[in-house]
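> What follows is a predicted structure for the sequence shown.
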Amino acid sequence: MPNPAQIRPDPSEYFSYYHKYVQLVPENDIVRAMADQMKLTLAYLRSLPASAGNKRYAPDKWSINEVVGHTIDIERVFGQRALFFARKAPGPLPGIEQDDWMKVATFGSRRLDDLADEFESVRESTLFLFRHLDAEAWIRKGIASEREFTVRAIAYIILGHERHHLEILKTRYA
């Protein structure tokens with residue numbers, strides 16, 4: 001039987017809203033793809049001038065620092081969901097409202113290079129989790145935001161979400 005970590009999630013493994021992220025990940029080896037993407041994202045973030053962190057492409061849009069911070073927050077939340085589901089934790093997990101979180105976050109007062117380092121640390125932690133899951137854990141399910149997900153789908157969502165925001169940074173903030 002093939003390793004479930006190297007099989008793309010079926011749309012039944014996640015809420016349809018997240019398809020836009022899953023489709024951004026054509027790879028089958030999700031752990032390798034996450035490690036490779038981390039290097040690309042870090043290279044991009046570290047290529048930006050220090051002064052770029054507070055740049056916005058429109059007055060009502062998040063700054064570069066806020067986009068990076070949001071990406072970090074979401075990876076932490078979805079990584080925690082993956083851990084809870086992989087370990088068969090009982091009960092549903094709460095949802096998040098990204099705009100409410102951003103209202104109380106302090107990403108705008110941080111240095112971009114510091115946020116890049118934090119992203120790297122969070123991704124390394126996520127990779128440690130995913131690298132050491134057994135085959136059964138990858139297909140375990142749980143409830144978050146009143147929706148059912150598999151651990152495998154969560155990994156694809158994390159990576160697709162990162163790619164989505166990296167593309168926004170490259171195209172709208174250039």
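Nice, I can see it. Numbers count the residues shown, from 1 in each chain.

> Kindly confirm my reading that residue 19 is in a helix.
Yes. Residue 19 forms part of a helix when assessed by DSSP: H, G, I helix; E, B strand; the rest coil.

> Surely it and residue 10 touch.
No. Using C-beta atoms under 8 Å, residue 19 is not in contact with residue 10, being 11.1 Å away. (C-beta placed from N, C-alpha, C; glycine too.)

> Out of the two, name the residue with the larger neighbour count.
residue 19 (14 against 11; other C-beta atoms under 10 Å).

> Local confidence estimate at that one?
Residue 19 carries a pLDDT value of 98.

> Could you find the closest non-adjacent residue to it?
Nearest residue to residue 19, sequence neighbours excluded (C-beta to C-beta, 6 or more residues apart in numbering): residue 11, at 6.4 Å.

> Likewise for residue 135?
Leaving aside its chain neighbours, residue 135 sits nearest to residue 4 (5.3 Å; criterion: C-beta to C-beta, 6+ apart).

> Surely that neighbour touches residue 140?
No. The pair residue 4 and residue 140 fails to qualify as a contact (C-beta under 8 Å) at a distance of 9.8 Å.

> one step back: please list all residues in contact with the residue nearest to residue 135.
Contact analysis of residue 4 by C-beta atoms under 8 Å, 6 or more residues apart in numbering lists 135, 138-139, 152.

> Now do the helices in the protein.
Listed in chain order, the helices of the chain (DSSP state H) span 19-22, 30-47, 64-86, 98-104, 112-131, 135-138, 151-172.

> What number of residues are in the vicinity of the closest residue in space to residue 50 that isn't next to it in sequence?
Excluding the flanking residues, the one nearest residue 50 by C-beta to C-beta, 6+ apart is residue 112, at 6.2 Å. Residue 112: 22 surrounding residues under other C-beta under 10 Å.

> Look up how far residue 125 lies from residue 112.
20 Å (C-beta to C-beta, to the nearest Å).

> swap in residue 169?
Relative to residue 125, and taking C-beta to C-beta, residue 169 is found at 22 Å.

> can you pick the most crowded of the contacts of residue 4?
residue 152 (27 neighbours).

> isn't that residue right up against residue 12?
No. Using C-beta under 8 Å, residue 152 is not in contact with residue 12, being 11.6 Å away.
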